[in-house]
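1. One predicted model, sequence on top.
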Amino acid sequence: DTGVSQNPRHKITKRGQNVTFRCDPISEHNRLYWYRQTLGQGPEFLTYFQNEAQLEKSRLLSDRFSAERPKGSFSTLEIQRTEQGDSAMYLCASRSIRGAGLEKLFFGSGTQLSVL
Amino acid sequence: GNSVTQMEGPVTLSEEAFLTINCTYTATGYPSLFWYVQYPGEGLQLLLKATKADDKGSNKGFEATYRKETTSFHLEKGSVQVSDSAVYFCALSSQGAQKLVFGQGTRLTINP
């Protein structure tokens, strides 16, 4: 068990460019979550998957954002036409649906996005 | 909607001091309550939880009691250490919900 892995750790991009982040959850964790954390604030829920199905999306996830988990393993989060307001830490978390609930949620270290 | 309000930081204490970080919440029904900790360069880690009124969560010397009458879940530790320096987040999840709602976080610095 190597924990939740996120890549890249840091991403700097120019406004208007597209970016993609990757999350590798703990193996056999069938639920995967994305959160966004802006400076000085707590994480905000974006979306979650059970296996490959995206089951819930926040209103924060505008049309420029898309998340996928094609084979029920790793997930990608893409932001198109980035804006300066997208600058934030993007966090991924995973858990198994067997046994306990959200207390068994494991977070990655995040991808820090800076939009210039 | 559901929300969590935390004591504003940053908080700076000397080693062995008593710690309280206040957390209050707004939610319908009976949410579960959590404290998460984020050490520098690491992911969020669950510190403790409570799932019903009057439950006390505890871990690593930290404690918090679920108080429904005051809608609070204050974090306490009797004697802090330098290694407790981190950002602490209070959070809740509604019954059956899949998402956590976090407070804004409190940065704690412990000086030797």
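-> Thanks, I have the structure now.

2. from what I can see B:Gln6 touches B:Gln104, true?
-> Yes. Look at B:Gln6 against B:Gln104 with C-beta atoms under 8 Å: they come within range, at 5.7 Å. Where C-beta positions appear, they are placed from N, C-alpha and C, glycine not excepted.

3. neighbour count winner among those two?
-> Neighbour count, other C-beta atoms under 10 Å in any protein chain shown: between B:Gln6 and B:Gln104, B:Gln6 has more, with 24 against 17.

4. partners of the more buried one in the sheet?
-> Beta bridges link B:Gln6 to B:Cys23, judged by DSSP bridges.

5. in stretch B:99-112, what counts as buried?
-> Residues B:99-106, B:108, B:110 are the ones in stretch B:99-112 that count as buried (16 or more other C-beta atoms under 10 Å in any protein chain shown).

6. returning to that earlier point: quick check: neighbours shared by B:Gln6 and B:Gln104?
-> Contact criterion C-beta atoms under 8 Å, 6 or more residues apart in numbering or on different chains; residues shared by B:Gln6 and B:Gln104: A:Gly42.

7. Let's have the buried residues of stretch B:99-112 in JSON lines, adding pLDDT, distance to B:Glu42 and secondary structure.
-> Listed next are the buried residues of stretch B:99-112 as JSON lines, based on pLDDT from 0 to 100; distance: C-beta to C-beta, whole Å; DSSP: H, G, I helix; E, B strand; the rest coil:
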{"residue": "B:Lys99", "pLDDT": "90", "distance to B:Glu42": "22", "secondary structure": "coil"}
{"residue": "B:Leu100", "pLDDT": "94", "distance to B:Glu42": "18", "secondary structure": "coil"}
{"residue": "B:Val101", "pLDDT": "95", "distance to B:Glu42": "22", "secondary structure": "strand"}
{"residue": "B:Phe102", "pLDDT": "96", "distance to B:Glu42": "16", "secondary structure": "strand"}
{"residue": "B:Gly103", "pLDDT": "96", "distance to B:Glu42": "19", "secondary structure": "coil"}
{"residue": "B:Gln104", "pLDDT": "95", "distance to B:Glu42": "19", "secondary structure": "coil"}
{"residue": "B:Gly105", "pLDDT": "96", "distance to B:Glu42": "14", "secondary structure": "coil"}
{"residue": "B:Thr106", "pLDDT": "96", "distance to B:Glu42": "17", "secondary structure": "strand"}
{"residue": "B:Leu108", "pLDDT": "97", "distance to B:Glu42": "15", "secondary structure": "strand"}
{"residue": "B:Ile110", "pLDDT": "97", "distance to B:Glu42": "17", "secondary structure": "strand"}
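
8. nearest to chain A, of those residues?
-> B:Phe102 (3.0 Å; C-beta to the nearest C-beta).

9. Which pLDDT value belongs to the spatially most central residue of chain A?
-> Closest to where the C-alpha atoms of chain A average out (C-alpha atoms, centre = their mean) is A:Trp34, at 3.2 Å. Looking at A:Trp34, its pLDDT reads 97.

10. number of nearby residues for the residue nearest to it when sequence neighbours are not counted?
-> Leaving out its chain neighbours, the residue that sits closest to A:Trp34 by C-beta to C-beta, 6 or more residues apart in numbering or on different chains is A:Leu46, at 4.3 Å. Residues near A:Leu46, counting by other C-beta under 10 Å, number 22.
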